[in-house]
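[1] with the sequence up front, the predicted model follows.
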Amino acid sequence: MKKVLALLLALLMVSALAACGQDGKESSTPSSGTDNSSISGAADESQASTGDTVTIRMGGWGNFADEHEPGTVGMEEAIGVKVEFQKYPTDAAFWDNLPAQIAAKTAPEFIALSNELYLPYINDGLIIPISKYIDDGTITCWDSIGDNVKDIWTIDGEVYGIPFYQTPAVFAVNMDLWNEAGLTEADFPETWDDVLDVCRVFKDELGMTGLCFNTQEFHFTQYCLSFGGGWGLGKTIDTPENAAALQFIINAYHQGYVVTPKELGVGYDGNVVMSGDAAMSTGGTWYVNDFKKNAPDVEVKYLTIPHAEGKDDVSGTFHAPCYALLKGGAHEKEAAMAINYMMNDSHDEALIDIGYIPVNSDLFDTFKERQPELAGLVDAVSKSNGFGYPPAGKKFADALISKMEEALFNSDSTVTGSQIVKELQEEYGE
């Protein structure tokens, strides 16, 4: 009787939960009745061979369990796989311990991997390709994912992860200061030259710097991409576009239009916009919840990243983290099944509530309705790109920061954007 009840429950869960990509489609509501035949087939095969639930682990840090748990509801009954969350105190602690855990076979089967400094982990073999599970039908959601995010996780013809959301960077504007300076929505900048014009207004009307620039690789990359450049995984560091982007920052700083968090004794650009020490900054959708929590009385407008003159077909970066398989997992196939299952409507709904744009374009309208503050970012998805950092990863980022801070903060410096990208290409280029 218990086995019969379990089977009935599994069938009910399979029909109610819509995992993505069945027959190349994904519905926008949990009750859509999407066909999960391939998932149930995988479940039947797994459970028929073992008769037991297979428990696997997902590794992560921060509040990752809260973000991903909605995707696991009903999984055990539907496919015979249970996910437990293995939390690490920091991302550094995770990566520092991972090689030893893989050797000892105590590492989690899969993780949520950022699309920022990920290439070294792939090159070192810690992240393994997931392509074969797309090819054999274990992972069916791939067809419903947008090309931009597919490209990020496809390297040398192999797929290394299943992206679960995409979020373009934002250009945040403190509307209290904006209004105080006598500016209107008609003055919202589209280009970086427009930003400089607005900075002049802030300087003339309020005697303040208009633009916050955080000296981190994340922010440098927004400018480079929006000038039509980008790092190209190390292949396109030394380009005129990247040189122009970095020189724009250097010039604007020395013209008195820019302030950095470091000068103000804070580490986060959002704090500068909150405190009113600058009115504009490149940032991310995490601003929304942060401002609601820490500065609820500050009105903020979220725009797409401005672009250089004549480059209206580009924007900044987008975050597109993925589910990735770790080397040496004891239940690799089951982890692939779990990843596919977690790409379901319930998970998408939870991600939309946080402010993340789904990877399936069929849900863009739902996102716009639920997140009106961020609705304009949907139009930036097709113009945005991955971070494209070279294989040197952190070393490249540290060198970029060091060279730019020298150019910004040393009043005697004659370093140019062209010199910086040339040196970085020689040191870290491919």
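    Good, I have the coordinates. Residues are numbered from 1 along each chain as shown.

[2] ranges for the helices of the stretch 301-430 of the chain?
    For the stretch 301-430 of the chain, applying DSSP state H, counting those that start in this stretch gives helices covering 332-342, 345-354, 364-370, 394-409, 417-428.

[3] can I get the CA coordinates of the longest one in CSV?
    Taking C-alpha atoms only, helix 394-409 is exported to CSV below (Å, rounded to 0.1, in the frame of the first residue of the first chain):
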residue,chain,number,x,y,z
LYS,A,394,41.6,37.2,-9.9
LYS,A,395,45.2,38.1,-10.8
PHE,A,396,43.9,40.0,-13.8
ALA,A,397,41.3,41.7,-11.7
ASP,A,398,43.8,42.8,-9.1
ALA,A,399,46.2,44.1,-11.7
LEU,A,400,43.4,46.1,-13.5
ILE,A,401,42.3,47.6,-10.2
SER,A,402,45.9,48.5,-9.2
LYS,A,403,46.7,50.2,-12.5
MET,A,404,43.5,52.1,-12.6
GLU,A,405,43.8,53.3,-9.0
GLU,A,406,47.3,54.5,-9.8
ALA,A,407,45.9,56.5,-12.7
LEU,A,408,43.1,57.9,-10.6
PHE,A,409,44.6,58.6,-7.2
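
[4] which secondary structure elements does it sit against?
    Identification of packing neighbours for helix 394-409 by 3 or more Cβ pairs under 8 Å, 6 or more residues apart in numbering; DSSP states H and E yields helix 217-226, helix 240-254, helix 417-428. Where you see a C-beta, it was placed from the backbone N, CA and C, and this is true even at glycine.

[5] sorry, back to before: the helices of the stretch 301-430 of the chain: which one's closest to Ala103?
    Smallest distance to Ala103 across these (Cβ to Cβ): 16.7 Å, for helix 332-342.

[6] show me how far that closest one is from its chain's centre.
    Centroid separation for helix 332-342 versus its chain: 21 Å, with Cα atoms, centre = their mean, to the nearest Å.

[7] repeat that for stretch 96-114.
    21 Å.

[8] could you do stretch 416-430 as well?
    Distance, stretch centre to chain centre, for stretch 416-430: 26 Å (Cα atoms, centre = their mean).

[9] picking up where we left off before, adding mean neighbour count, mean pLDDT and distance to Val314, write the helices and strands packed on helix 394-409 out as a markdown table.
    Formatted as a markdown table, the helices and strands packed on helix 394-409 follow (neighbours: other Cβ atoms under 10 Å; pLDDT from 0 to 100; distance: least, Cβ to Cβ, whole Å):
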| stretch | mean neighbour count | mean pLDDT | distance to Val314 |
| --- | --- | --- | --- |
| helix 217-226 | 26 | 98 | 6 |
| helix 240-254 | 20 | 98 | 9 |
| helix 417-428 | 19 | 98 | 17 |
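
[10] could you dump those helices to TSV with distance to Ala324?
    Below are these laid out as TSV (distance: least, Cβ to Cβ, whole Å):
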stretch	distance to Ala324
helix 217-226	21
helix 240-254	28
helix 417-428	24
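
[11] sorry, back to before: so which of the helices of the stretch 301-430 of the chain is the most surrounded?
    Stretch with highest mean neighbour count among the helices of the stretch 301-430 of the chain: helix 332-342 (a mean of 25; mean count of other Cβ atoms under 10 Å).
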